[in-house]
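> how does the following fold in three dimensions:
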Amino acid sequence: MTDPRGFLKFGRQGAQRRPVGLRILDWKEVYEPLDSDLIKQQATRCMDCGIPFCHHGCPLGNLIPEWNDLTGQDDMQEAIERLHATNNFPEFTGRLCPAPCEAACTLGINDNPVSIELIEKAIIETAFAQGRVEPVIAQHHSGKTVAIVGSGPAGLAASQQLARAGHEVTVFERSSAIGGLLRFGIPEFKMEKEILDRRLSQLTSEGVAFRTGVTIGASISLEELVRSFDAVVLALGSTTPRDLAIDGRSAQGIYQAMEFLPLANEVALGQLAHHPYSARDKRVVIIGGGDTGADCLGTVHRQGARAVTQIEIMERPPEQRPDTTPWPTWPLIYRTSSAHEEGGEREFAIATSAFLYDDRNHVTGIRTERVQVTTEGGRPTFRSVAGSEKIIETDLVLLALGFTGPELTLLDPDKTLERTAHDTILVDNSWMTSIPGVFATGDCRRGQSLIVWAIAEGRSTAASVDRYLMGRSDLPEPIQPTTAALRVS
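Okay, here's the model as predicted:
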């Protein structure tokens, strides 16, 4: 250890954000440049505990104490080697992951946990700045071909692992560019797209071929794909948005978050002159209190919204870790994102009962009521509070209610692929679907989840595909499919 008393000397510090008044004037990342001295100081807070529970928290099994110690010693060359040993894309997770590793940090039992995500980001950014992120070219070629459908984090992780194993990999993406929600759903102020593009350049150099504008089931059928490739990996994501089927839903001015956010990214990148649903000078209501809702919030701030209200049907979480989610589990606590710092109102335990609209069929407000939330049989139930009805006037409503599962209507119209009870794709213990040679990974298999789970599943699925093609595999397998979405082979 660099300093065995580091956790006693230094308090936790996270990434420093740019002043609100400045950052809402542009689309650049909200964070200040990294301070190398601060990073080393924070790395020394890692206690190198005997049983690193941060490993338990991280689906990738990141070697966190090792690269913390190396960072404290300023050995950034070895630190990036240890980081890349388990994580293909630490520049993504270092920006977008909610850091379950920090929730499981041993120091977090009675103190603030180590700033693991900050250190992770510093390691990879230093490596890119120093030219240490180079293509890893396969030394031998298998002669086998693999098609990967979807270019989000799960698909990209699987593609890189399989290309490095010597297979010929082609990634099919229905959108006009590669990246999935990393490109179209994540706002620039959370991750600038040049961060994605530089990693895609590495994958291209490693032999991964990308084909955009190809919708499986329209441009080419799944059956044709199976005939043309030795293996197929479905990494479709979970992109069917949850809707709100209440009175007035057909009014104009009500949009799904994923109708709104991609266009905002195009404006931010200069690819589109004007957002057709811009929030400028409008009263905005965002329904949904999760990360996607926060992405919408930060976006409408930058567009110049007149007023913003974000509502959530669940009750406001407690400030401190509750007994129901003890260490080292993920705690349900009240969190404030950079977007929340920038303004707007947040309301909890609020249900929307109707959309109001004018004679032009344009939304003018939402009718809400306060609810009491109780948990029965493991699921929340909501009871209206008498006399709590309220109308919130609005010109623009954004639905950020999450996603219900993968879009399979075109890809698998005959339902050849077995489904789970949640309408995700069922797999066996080798990640294979009910169609031989076709595998599924990421959110299309487990449902809407975290980026770190998507990368972990992509890596594990790649190992199973490699074994299927070659009879054995040396690729790492950080996780196994969960029984909730497992087909017994």
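> state which strand of this protein is the longest.
strand 363-376 (DSSP state E).
> other residues contacting that strand?
Strand 363-376 has contacts (Cβ atoms under 8 Å, 6 or more residues apart in numbering) with 248, 251-254, 285, 287, 311, 313-315, 349-358, 380-385, 388-397. Using the backbone N, CA and C atoms, a C-beta is placed for each residue, glycine as well.
> one more: stretch 263-277?
Residues outside stretch 263-277 that contact it (Cβ under 8 Å, 6+ apart) are 27, 183-184, 186-188, 193, 253, 255, 259-260, 299, 303, 396.
> switch to 7 Å and redo it
27, 184, 187-188, 193, 255, 260, 299, 303, 396 (Cβ atoms under 7 Å, 6 or more residues apart in numbering).
> derive a ChimeraX selection command for the buried subset of the contacts of strand 363-376.
Only the buried entries of the contacts of strand 363-376 go into this ChimeraX selection, using 16 or more other Cβ atoms under 10 Å:
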select :248,251,253,254,285,287,311,313,349,350,351,352,355,356,357,392,394,395,396,397
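> now, which of the contacts of strand 363-376 lie within helices?
Among the contacts of strand 363-376, DSSP state H puts none in helices.
> quick one, phi/psi of His140?
phi -130, psi 150 (degrees, to the nearest 10).
> please name the residues that touch it.
His140 touches Gly166, counting by Cβ under 7 Å, 6+ apart.
> give me the distance between it and Cys46.
38 Å (Cβ to Cβ, to the nearest Å).
> same check, this time on Glu223
51 Å.
> more neighbours: which of those two?
Cys46 (30 against 12; other Cβ atoms under 10 Å).
> what strand or helix carries the closest residue to the more buried one other than its chain neighbours?
Leaving aside its chain neighbours, Cys46 sits nearest to Asn68 (3.8 Å; criterion: Cβ to Cβ, 6 or more residues apart in numbering). Using DSSP states H and E, the element containing Asn68 is helix 64-72.
> how far away from the center of its chain is that helix?
How far helix 64-72 lies from its chain's middle: 25 Å, per Cα atoms, centre = their mean, to the nearest Å.
> same for it, what does it pack against?
helix 36-43, helix 76-84, helix 116-129 (3 or more Cβ pairs under 7 Å, 6 or more residues apart in numbering; DSSP states H and E).
> which residues are in contact with that helix?
1-3, 39-40, 43-44, 46, 48, 52, 54-55, 78-79, 82-83, 101, 114, 116, 119, 123.
> related to what we said a few turns ago, now, the contacts of strand 363-376 that are in strands?
Per DSSP E, these map to strands at 254, 285, 287, 311, 350-357, 380-384, 390-393, 396-397.
> looking at the contacts of stretch 263-277, which are in helices?
184, 193, 260, 299, 303.
> highest neighbour count among the residues you listed?
Thr299 (29 neighbours).
> average pLDDT for the helix ranked longest in the chain?
Longest helix of the chain, by residue count under DSSP H: helix 451-470. For helix 451-470, mean pLDDT rounds to 98.
> export that helix as CSV, just CAs?
The C-alpha coordinates for helix 451-470 follow below in CSV (Å, rounded to 0.1, in the frame of the first residue of the first chain):
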residue,chain,number,x,y,z
ILE,A,451,-23.9,-0.3,-18.3
VAL,A,452,-21.5,-2.3,-16.2
TRP,A,453,-23.9,-5.3,-16.4
ALA,A,454,-24.1,-4.9,-20.1
ILE,A,455,-20.3,-5.0,-20.5
ALA,A,456,-20.0,-8.0,-18.1
GLU,A,457,-22.6,-9.9,-20.0
GLY,A,458,-21.0,-9.1,-23.4
ARG,A,459,-17.6,-10.4,-22.1
SER,A,460,-19.1,-13.6,-20.7
THR,A,461,-21.2,-14.2,-23.8
ALA,A,462,-18.1,-13.8,-26.0
ALA,A,463,-16.4,-16.6,-24.0
SER,A,464,-19.3,-18.9,-24.6
VAL,A,465,-19.5,-18.1,-28.3
ASP,A,466,-15.7,-18.7,-28.6
ARG,A,467,-16.1,-22.1,-26.8
TYR,A,468,-19.1,-23.0,-29.1
LEU,A,469,-16.9,-22.2,-32.2
MET,A,470,-13.6,-23.7,-31.1
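> how about that helix: buried residues?
451-466, 468-469.
> before we move on, what about stretch 405-412?
405-408, 411-412.
> can you give me the mean pLDDT across it?
96.
> likewise stretch 138-148?
For stretch 138-148, the per-residue pLDDT averages 97.
> what's the end-to-end length of that stretch?
18 Å (Cα to Cα, to the nearest Å).
> and the contacts of stretch 150-163?
Residues contacting stretch 150-163 (Cβ under 7 Å, 6+ apart): 88-89, 92, 138, 146, 148, 169, 171, 173, 178-182, 203, 206-208, 233-237, 441-442, 451, 454-455, 457-459, 461-462, 465-466, 475.
> starting at the chain centroid, how far to that stretch?
Distance, centroid of stretch 150-163 to centroid of chain: 14 Å (Cα atoms, centre = their mean).
> switch to numbering from 26
All set: I'll call the first residue 26, so the last point we hit is now stretch 175-188.
> export only the CA atoms of that stretch, formatted as PDB.
Coordinates of each C-alpha in stretch 175-188 appear next as PDB, following Å, rounded to 0.1, in the frame of the first residue of the first chain:
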ATOM      1  CA  GLY A 175     -26.700  -4.200 -31.700                       C
ATOM      2  CA  SER A 176     -23.900  -1.800 -31.000                       C
ATOM      3  CA  GLY A 177     -24.500  -0.800 -27.400                       C
ATOM      4  CA  PRO A 178     -22.100  -1.600 -24.600                       C
ATOM      5  CA  ALA A 179     -22.900  -5.400 -24.500                       C
ATOM      6  CA  GLY A 180     -22.500  -5.700 -28.300                       C
ATOM      7  CA  LEU A 181     -19.300  -3.700 -28.400                       C
ATOM      8  CA  ALA A 182     -17.800  -5.700 -25.500                       C
ATOM      9  CA  ALA A 183     -18.700  -9.000 -27.100                       C
ATOM     10  CA  SER A 184     -17.300  -7.800 -30.500                       C
ATOM     11  CA  GLN A 185     -14.000  -6.700 -29.100                       C
ATOM     12  CA  GLN A 186     -13.500  -9.900 -27.100                       C
ATOM     13  CA  LEU A 187     -14.400 -12.100 -30.100                       C
ATOM     14  CA  ALA A 188     -12.200 -10.200 -32.500                       C
END
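> dump stretch 62-82 to CSV, keeping only the CA atoms.
What follows is stretch 62-82, C-alpha atoms only, in CSV (Å, rounded to 0.1, in the frame of the first residue of the first chain):
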residue,chain,number,x,y,z
ASP,A,62,-2.4,15.1,-7.2
LEU,A,63,-6.0,14.8,-6.0
ILE,A,64,-6.4,11.4,-7.8
LYS,A,65,-3.3,10.0,-6.1
GLN,A,66,-4.5,11.3,-2.8
GLN,A,67,-7.9,9.7,-3.2
ALA,A,68,-6.3,6.4,-4.3
THR,A,69,-4.5,6.2,-1.0
ARG,A,70,-7.8,6.0,0.8
CYS,A,71,-8.2,2.4,-0.4
MET,A,72,-7.4,0.2,2.6
ASP,A,73,-6.4,-2.9,0.6
CYS,A,74,-8.8,-4.7,2.9
GLY,A,75,-8.5,-8.5,3.2
ILE,A,76,-11.8,-9.2,1.5
PRO,A,77,-12.4,-6.4,-1.1
PHE,A,78,-16.2,-6.2,-1.2
CYS,A,79,-15.9,-3.8,-4.0
HIS,A,80,-15.4,-6.9,-6.1
HIS,A,81,-18.8,-8.1,-4.9
GLY,A,82,-20.3,-4.9,-6.0
